[in-house]
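Chemist: One predicted model, sequence on top.
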Amino acid sequence: MRNLLMRFSLVLLSLILLPSFASAQRGGAGFGGRGRPPAAPSAEPFDPHDFNGIWWRTGGTREFNTQKGGEPQLTAEGKKRFDANKPGYGPRAVPPALGNDPLGDCNPDGLPRIVMFNRPVEFIQQPKRLIQFFQYHRVLREVWMDGRKLPENPDTPRWYGYSVGHWEGDTLVIDSYGLDDRQWLDNLGYPYSDQMRLQERYRRTDHDHIEMVVTVTDPKYYAKPWVSQTKTWQLLKNPSEYSSPDWEGLIEELCAPIDEVDQFNKRIRNPAGGVIEK
């Protein structure tokens, strides 16, 4: 069983880290979506303020991308940080063994990177907060809906920041601040600073779909706010089909740095970068 779990972990890590898989995943659902095309709009009735359920980001890419095309306008400081990041994906890709992607060492995805990833996420709505339970890394994120304000000078930055939400009509607006700037915005290595403010806007367009747009405002690294392309989430109607016939819910998908990552580095990651261990 342990060897089986180790092999499963190595497969997951290879899908995450090896650049050869990037082109296969970027245009569609990839591993997370099992290659299935997005479902057609549903005529079933729905409450636009009800996001409860397990959703899958199947539309849009894993990268931040920009809504209107083109590259973001980096400041001089942002360009310096961007050039120092060495991703395993995209036009600047290097072999993972030679890169410095924080995910390569099993660090948390952070925001907004985790909401770009194509893995199931359970939305759990409560009277005063919204919980997003991410399958990938088993992350629980709290979005407070009780009217509190974001801290202006948080003492401790967080990988997932501090988040508050409110409704603007049928659009759920989530604002986040106080994020740990050691993570990247996406797989391409775009950085963010400790000054970044993040806004996510979610709108349930029909029974089976939610649209999301993310805006990064970071005057330290970007000359103007950067608006993502529209990402689409699809309702997972039959969780047992995804997980197992006798079990509904999210599967356990962890990045374990003990043993599994060491073995992955020795067998796959380091040789890909030309490092052969004797």
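Modeler: Structure received.
Chemist: Could you use CA atoms for every contact and neighbour count after this?
Modeler: Fine.
Chemist: Walk me through the regions of the stretch 101-250 of the chain where pLDDT falls short of the threshold, as ranges.
Modeler: 239-247 (pLDDT under 70).
Chemist: repeat that with 80
Modeler: Along the stretch 101-250 of the chain, the model assigns pLDDT under 80 to residues 238-249.
Chemist: all helices of it, in order?
Modeler: For the stretch 101-250 of the chain, applying DSSP state H, counting those that start in this stretch gives helices covering 113-116, 239-242.
Chemist: residues in contact with the first one?
Modeler: By that I understand helix 113-116. Helix 113-116 is contacted from outside by 57, 61-64, 184-187, 231, using CA atoms under 8 Å, 6 or more residues apart in numbering.
Chemist: Export it to PDB, keeping only CA atoms.
Modeler: As requested, the backbone C-alpha atoms of helix 113-116 are provided in PDB (Å, rounded to 0.1, in the frame of the first residue of the first chain):
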ATOM      1  CA  ARG A 113      -2.700  30.400  -7.700                       C
ATOM      2  CA  ILE A 114      -4.900  27.800  -6.000                       C
ATOM      3  CA  VAL A 115      -8.200  29.100  -7.500                       C
ATOM      4  CA  MET A 116      -6.600  28.800 -11.000                       C
END
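Chemist: quick one: it to chain centroid distance?
Modeler: Put simply, helix 113-116 sits 2 Å off its chain's centre (CA atoms, centre = their mean, to the nearest Å).
Chemist: Check stretch 82-93 too.
Modeler: The chain centre lies 17 Å from the centre of stretch 82-93; the measure is CA atoms, centre = their mean.
Chemist: when you give positions from now on, start the count at 25
Modeler: Will do, 25 is the new start, and the previous item becomes stretch 106-117.
Chemist: how long is that stretch from one end to the other?
Modeler: Separation of the first and last residues of stretch 106-117 by CA to CA, to the nearest Å is 13 Å.
Chemist: Going by neighbour count, which residues in that stretch are buried?
Modeler: Applying a neighbour-count criterion of 16 or more other CA atoms under 10 Å, one finds 106, 109-113, 117 buried in stretch 106-117.
Chemist: Using pLDDT, spot the least trustworthy of those.
Modeler: Within the buried residues of stretch 106-117, the minimum per-residue pLDDT falls on Tyr113 (85).
Chemist: And what about that residue, helix, strand or coil?
Modeler: Here Tyr113 is recorded as coil under DSSP: H, G, I helix; E, B strand; the rest coil.
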